[in-house]
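A.B. asks: coordinates only, sequence not included:
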């Protein structure tokens with residue numbers, strides 16, 4: 001076979017933008033001559049072609065650095081090996097990790113969250129080698145994706161409800177310590193993936209990891225979901241309330257746990273799981289503090305936002321002016337504007353609920369059109385207005401926007417009225433928008449329509465936030481009414497005079 005794979009002939013190259021093609025140069029390619037055996041060369045070439053069909057051109061291009069290091073490893077530690085399947089995965093991993101350590105290549109990397117929290121994960125090179133082994137192993141054994149302990153979502157044979165601004169790629173079962181529960185959980189998750197959003201499924205995984213961690217420590221005899229009795233559940237609930245008090249929302253966590261256990265019961269035929277929970281087991285949801293930015297806080301934030309990359313800044317300003325959820329802002333589509341009756345109307349496809357429309361100002365419409373033009377100039381026609389530069393078919397990831405804004409807040413040392421650093425309160429902008437609508441004395445129905453709510457039920461929260469403004473704006477009128485009433489009491493009988501004295505009037 002030819003010892004060269006040109007990126008120009010790959011599927012991802014055809015789907016790339018002109019800017020991405022310029023970045024990879026005139027002759028981007030993989031040189032397979034560094035792989036010692038012909039059969040291994042064929043296997044590696046098949047893996048590269050698979051990657052080219054599932055990730056962006058920039059990812060395939062950047063992974064060349066990993067490819068070259070793997071070639072160096074094979075030249076030193078696998079000279080006499082004909083095929084990857086000649087060694088089992090454990091042997092390959094042991095030898096590859098040993099080679100990495102001898103070369104001074106770290107096995108792990110430290111990841112830092114936007115709020116300063118740190119975590120440790122596998123290095124990019126190690127992840128690349130694992131993907132290679134899993135791909136080749138899948139080809140040899142035809143193992144189903146659902147038989148694995150880490151599911152690649154794009155390899156599953158079922159459609160599922162993905163969130164385009166949250167980059168969920170895998171479901172990881174490796175942290176379930178009981179083998180039988182791990183397999184039972186896979187069946188329940190597979191069932192729920194067909195009817196629930198991936199974000200809900202991931203929360204169910206978190207709830208099950210917490211439960212199985214408790215079982216491994218406190219209830220070692222429970223090795224299957226069939227062994228989870230009402231008594232076991234009650235002891236777990238007591239544990240959550242007395243020892244593991246770090247869980248922020250027992251209401252949400254236990255609801256997700258009940259959902260996945262019931263699905264496991266249906267999938268595995270375990271009758272003990274169907275009526276395991278009682279309604280009183282789940283505490284009421286905590287009512288979150290319904291906060292809103294003050295005018296001065298918003299001014300300080302926007303003074304920093306305008307210093308961001310121009311398209312990021314546009315996204316944040318449009319988000320404020322629309323009063324949408326951040327998921328709805330980042331998934332705005334390039335056909336969202338149209339003219340009707342002399343007004344510009346925007347169509348907002350809400351991620352959580354249904355699509356709704358509302359008129360927008362001329363200034364906001366112009367800003368949205370400039371954002372569309374910016375994206376088209378760099379990536380050509382796209383579905384979304386704000387896109388992922390590495391993969392323009394997808395919207396701008398939420399965490400990338402969050403990172404940019406939080407970095408700016410720390411750099412500019414932006415603080416709220418209480419002297420605390422701002423967080424990324426994307427929903428606070430929506431609260432501000434709703435509160436301002438109430439200050440304009442609009443009726444509840446109109447406010448609900450402008451916010452995209454299906455009912456007026458939640459408008460009361462925005463009115464509550466605006467009570468001080470209502471008090472300030474109506475003080476003069478209220479004082480005048482009080483004076484009129486007081487004057488009308490003059491000359492009335494003695495009992496009314498007594499009422500005035502008792503009330504301190």
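C.D. replies: Great, that's in hand. As the structure is a prediction and not an experimental result, all values here were calculated from the model.

A.B. asks: Surely residue 265 touches residue 275?
C.D. replies: No - using C-beta atoms under 8 Å, residue 265 is not in contact with residue 275, being 9.2 Å away. Just so you know, the C-beta spots here come from the backbone N, C-alpha and C atoms, and that holds for glycine as well.

A.B. asks: For these two, indicate the residue with more neighbours.
C.D. replies: Neighbour count, other C-beta atoms under 10 Å: between residue 265 and residue 275, residue 265 has more, with 21 against 10.

A.B. asks: do you know how far the more buried one is from residue 181?
C.D. replies: 13 Å (C-beta to C-beta, to the nearest Å).

A.B. asks: Ok, residue 294 next?
C.D. replies: Distance of residue 294 to residue 181, given as C-beta to C-beta: 49 Å.

A.B. asks: Of these two, which one has the most company?
C.D. replies: Legend: neighbour count by other C-beta under 10 Å for residue 294 and residue 181, higher for residue 181 (24 against 12).

A.B. asks: I'd like the distance between the more buried one and residue 438.
C.D. replies: Using C-beta to C-beta, we find residue 181 at a distance of 50 Å from residue 438.

A.B. asks: before we move on, what about residue 447?
C.D. replies: As judged by C-beta to C-beta, residue 447 and residue 438 stand 7 Å apart.

A.B. asks: residues touching the residue nearest the centre of the chain, list them.
C.D. replies: Among the residues of the chain, the one closest to the centroid is residue 166, at 3.5 Å (C-alpha atoms, centre = their mean). By C-beta atoms under 8 Å, 6 or more residues apart in numbering, residue 166 lies in contact with 198, 199, 397, 398.

A.B. asks: tell me the secondary structure for the spatially closest residue to the third one that is not a sequence neighbour?
C.D. replies: The spatially closest residue to residue 397, leaving aside those adjacent along the chain, is residue 167, at 5.5 Å (C-beta to C-beta, 6 or more residues apart in numbering). Per DSSP: H, G, I helix; E, B strand; the rest coil, the local secondary structure of residue 167 is coil.

A.B. asks: What pLDDT does the model give residue 141?
C.D. replies: On pLDDT, residue 141 comes in at 44.

A.B. asks: Now find how far off-centre stretch 18-34 is within its chain.
C.D. replies: Taking C-alpha atoms, centre = their mean, to the nearest Å, one finds stretch 18-34 lying 32 Å from the centre of the chain it belongs to.

A.B. asks: Would you mark the buried spots in it?
C.D. replies: For stretch 18-34, the neighbour count (16 or more other C-beta atoms under 10 Å) marks 20, 21, 24, 28, 29, 30, 32, 34 as buried.

A.B. asks: Look up how far residue 413 lies from residue 295.
C.D. replies: Remark: distance between residue 295 and residue 413 (C-beta to C-beta) = 20 Å.

A.B. asks: Next: residue 18.
C.D. replies: From residue 18 over to residue 413 the distance is 39 Å, taken as C-beta to C-beta.

A.B. asks: cool, residue 21 as well?
C.D. replies: For residue 21, the distance to residue 413 (C-beta to C-beta) stands at 40 Å.

A.B. asks: now do residue 312
C.D. replies: With C-beta to C-beta as the criterion, residue 312 and residue 413 are 19 Å apart.

A.B. asks: okay, these two: which has more neighbours?
C.D. replies: residue 312 (17 against 9).

A.B. asks: Wait, that one touches residue 406, no?
C.D. replies: No - using C-beta under 8 Å as the test, residue 312 is too far from residue 406 to be in contact (12.0 Å).

A.B. asks: which is the next helix or strand following the helix or strand where residue 437 lies?
C.D. replies: Assigning secondary structure by DSSP states H and E places residue 437 in helix 426-439. The first helix or strand that comes after helix 426-439 along the chain, using DSSP H and E, is helix 444-451.

A.B. asks: tell me what that following helix is packed against?
C.D. replies: Judged by 3 or more C-beta pairs under 8 Å, 6 or more residues apart in numbering; DSSP states H and E, helix 444-451 is in contact with strand 355-360, helix 426-439, helix 459-465.

A.B. asks: change it to 6 Å
C.D. replies: helix 459-465 (3 or more C-beta pairs under 6 Å, 6 or more residues apart in numbering; DSSP states H and E).

A.B. asks: avg pLDDT for the helix it packs on?
C.D. replies: For helix 459-465, the mean pLDDT works out to 65.

A.B. asks: From residue 175, how far out is residue 21?
C.D. replies: Applying C-beta to C-beta to residue 21 and residue 175 gives a distance of 40 Å.

A.B. asks: What number of residues are in the vicinity of residue 243?
C.D. replies: The tally of other residues near residue 243 (other C-beta under 10 Å) stands at 10.

A.B. asks: How about residue 381?
C.D. replies: Residue 381: 9 neighbours (other C-beta under 10 Å).

A.B. asks: Count residues in the vicinity of residue 348, would you?
C.D. replies: Residues lying near residue 348 (other C-beta under 10 Å) number 21.

A.B. asks: correction: residue 85
C.D. replies: By other C-beta under 10 Å, 18 other residues sit near residue 85.

A.B. asks: Could you look up the SS state of it?
C.D. replies: State at residue 85, reduced to three classes by three-state DSSP: helix.

A.B. asks: Would you mind measuring from it to residue 386?
C.D. replies: Distance of residue 85 to residue 386, given as C-beta to C-beta: 44 Å.

A.B. asks: can you check residue 167 too?
C.D. replies: From residue 167 over to residue 386 the distance is 15 Å, taken as C-beta to C-beta.
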